[in-house]
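A structural model of the following input is requested.
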Amino acid sequence: MSRFLSSTAAKVIAVLAVIALVVAAVWLFTTRTKTITAYFESTRGVYQDDTVRVLGVKVGTISDISIEDGLSKVTMEVDHEVPIPADANALLVAQSLVAERFIQLTPAHTGGPEMEDGGEIPVERTAVPVEWDGVKEQLMKLSSALGPADGEETGPLGDFVDSADAMLEGNGAEVRDALNQLSHTMSVLSDGRENLFTTLKNLQLFVTALSQSEEQIVSFGGRLASVTQVLGDQTDDIDAALRDLDLAVTDIDRFLDNHGTRLTTAVDKLGQATSVVRDRRADLEGVLHVAPTAMANFYNIYRPYQGVLNGVLAMNQMANPTNFICGAIAGLANNTAESDAELCAQYMGPLFNSLTSNYPYGAVTPPVTPTAEPHQIWEHQKPGTQTPPGVQPPSARPDPLVNVVNKGDNLTDTLLATGGA
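So this is what the prediction gives:
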């Protein structure tokens, strides 16, 4: 009995061990792969257990092929250690007409998100090769379209060949020259492709700038339309103005014909005068700079009440006559000038120093006697006029500081209309 129980227990343990191994194998296989589903328009020549590749290297197999919504649904088991891009494409590749087909996943993963287990590739990202039957069918259609129809000797292709033969007959040299020129043109374009690309790039920048300035362009177009409308509304006035301008141009042309020589002479003389003024520019600038001050000084020294010029003759060298006179002697071009200047300063210096003065002793104006006595000068309003309200009436007597003349005590004071200070 115990021996029977021992045999039964051994069998149960063996069965459990086999089940555990099967479960472990299934679990290990399922955990080492991930499922990816792709939808194709057609899967002709592809079967279950065919390979799935990345860059030509096998990374998995096809586990199932089924039909879903008119498309071929292909389920693939791919090694989970091989990263597949999340936006990968699936291509059905046929190396030859009879070779085994496989599914290529492209591109290879170089970074970025990966496709997870259970990911799908839509039909927009799958492609199938053109079948030979399809190619043959299209060739047959093409040959039928180009060939002659029933009851005709030649078809479209033959007609084209005949027309080309008639057109090119006797024009071989011209065709050859045209081809040579076309080849030369293509060579020029090829040699200048960098400049061509630069031009296209600049054109792109220009178009981009125009696109960014759309509001300004629209505004400019609106303003241009407004100007056009205004010009359209003023057509009559513009026509009249243009007619008057045409008449004016005709008159000017007639005037130039009649007086062209004299006008040319006048312009030439005016140019000469302008050249003189240009050459004397520095002198004119000096006159314009000094003249206002000189006129103001002359106005300020004139005394209308006394009829005198209230000014003195200022000579720079009169402040030191010794240096002035003896220095002039030293400047003579002779051998004894320097010694003569020293003798002048030694013997005549005391006399010259007694004549030192800021102004020379002499009158520079007409007689300094007054032309009218103070009591003979009166200021009054014109008869029949009145002083406006709020305005101080003029003084009954002239300003004594302006009208009174002091003869002074010495010769220098006689040069001042108001006397010495």
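
now the longest helix belonging to the chain: how far from the chain's centre is it?
The residue-count maximum for a helix in the chain (DSSP state H) belongs to helix 235-279. Chain-centre distance of helix 235-279: 40 Å, with Cα atoms, centre = their mean, to the nearest Å.

just the mean pLDDT for it, thanks.
Across helix 235-279, pLDDT averages out at 89.

ok, for Glu116, nearest residue in space, not its chain neighbours?
Lys34 (7.4 Å; Cβ to Cβ, 6 or more residues apart in numbering). Where you see a C-beta, it was placed from the backbone N, CA and C, and this is true even at glycine.

check which element follows the strand or helix carrying that neighbour along the chain.
Counting by DSSP states H and E, the element that carries Lys34 is strand 33-40. Note on strand 33-40: by DSSP H and E, the next helix or strand toward the C-terminus is strand 51-54.

centre of the chain to stretch 161-175, how far?
The answer for stretch 161-175 is 54 Å, by Cα atoms, centre = their mean.

also stretch 87-100?
Using Cα atoms, centre = their mean, the offset of stretch 87-100 from its chain centre is 55 Å.

try stretch 330-337
The answer for stretch 330-337 is 73 Å, by Cα atoms, centre = their mean.

can I get that stretch in PDB, CA atoms only?
C-alpha atoms of stretch 330-337 as PDB (Å, rounded to 0.1, in the frame of the first residue of the first chain):
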ATOM      1  CA  ALA A 330      65.700 148.800 -35.000                       C
ATOM      2  CA  GLY A 331      63.700 147.300 -37.800                       C
ATOM      3  CA  LEU A 332      65.600 149.200 -40.500                       C
ATOM      4  CA  ALA A 333      67.600 147.100 -42.900                       C
ATOM      5  CA  ASN A 334      71.100 148.500 -42.200                       C
ATOM      6  CA  ASN A 335      74.100 147.500 -40.100                       C
ATOM      7  CA  THR A 336      73.700 150.200 -37.500                       C
ATOM      8  CA  ALA A 337      70.000 149.800 -36.800                       C
END
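
what residues sit buried inside that stretch?
If you call a residue buried by 16 or more other Cβ atoms under 10 Å, then stretch 330-337 has these buried ones: Ala330.

how close does the nearest residue to Asn320 once chain neighbours are set aside sit to Ala330?
The shortest distance from Asn320 to any non-neighbouring residue, by Cβ to Cβ, 6+ apart, is to Thr356 (6.8 Å). Thr356 sits at a distance of 19 Å from Ala330 (criterion: Cβ to Cβ, to the nearest Å).

returning to what we had before: the residue nearest to Asn320 reaches Ala319, doesn't it?
Yes. Assessed by Cβ atoms under 8 Å, Thr356 is found in contact with Ala319 at 6.5 Å.

packing partners for the strand holding Lys34?
strand 57-68, strand 71-79, strand 89-94, strand 119-121, strand 126-127 (3 or more Cβ pairs under 8 Å, 6 or more residues apart in numbering; DSSP states H and E).

the ones you listed: which one's closest to Glu342?
strand 89-94 (117.2 Å; Cβ to Cβ).

how about the closest one: buried residues?
Per 16+ other Cβ under 10 Å, strand 89-94 contains these buried residues: Ala90, Leu91, Leu92, Val93, Ala94.

before we move on, the earlier item: including mean pLDDT, could the helices and strands packed on strand 33-40 go into JSON lines?
Formatted as JSON lines, the helices and strands packed on strand 33-40 follow (pLDDT from 0 to 100):
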{"stretch": "strand 57-68", "mean pLDDT": "92"}
{"stretch": "strand 71-79", "mean pLDDT": "92"}
{"stretch": "strand 89-94", "mean pLDDT": "90"}
{"stretch": "strand 119-121", "mean pLDDT": "92"}
{"stretch": "strand 126-127", "mean pLDDT": "92"}
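
tabulate those strands (TSV), appending distance to Phe220.
TSV is the format used below for the helices and strands packed on strand 33-40 (distance: least, Cβ to Cβ, whole Å):
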stretch	distance to Phe220
strand 57-68	58
strand 71-79	55
strand 89-94	48
strand 119-121	51
strand 126-127	50
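
nearest to Met140, out of these?
Closest of the helices and strands packed on strand 33-40 to Met140 is strand 89-94, at 21.3 Å (criterion: Cβ to Cβ).

each with direction, which strands does the closest one pair with?
Its sheet considered, strand 89-94 pairs with strand 101-106 (antiparallel), strand 126-127 (parallel) by DSSP bridges.

what sits up against the last one?
To tie it back to what came earlier, the one meant is strand 126-127. Contacts to strand 126-127, defined as Cβ atoms under 8 Å, 6 or more residues apart in numbering, come from residues Ala38, Tyr39, Phe40, Glu41, Asn89, Ala90, Leu91, Leu92.

same for the helix or strand that it is followed by, what does it pack against?
With elements assigned by DSSP H and E, the helix or strand that comes after strand 126-127 is helix 132-146. Applying 3+ Cβ pairs under 8 Å, 6+ apart, we find helix 132-146 packed against helix 156-168.

what angle sits between the helix it packs on and helix 132-146?
50 degrees (axes from the mean of the first three to the mean of the last three Cα atoms, to 10 degrees).

which residue sits closest to Thr43, ignoring its sequence neighbours?
Ser72 (4.1 Å).

for the one you found, give me its contacts.
Counting by Cβ under 8 Å, 6+ apart, Ser72 touches Tyr39, Phe40, Glu41, Ser42, Thr43, Ile65, Ser66.
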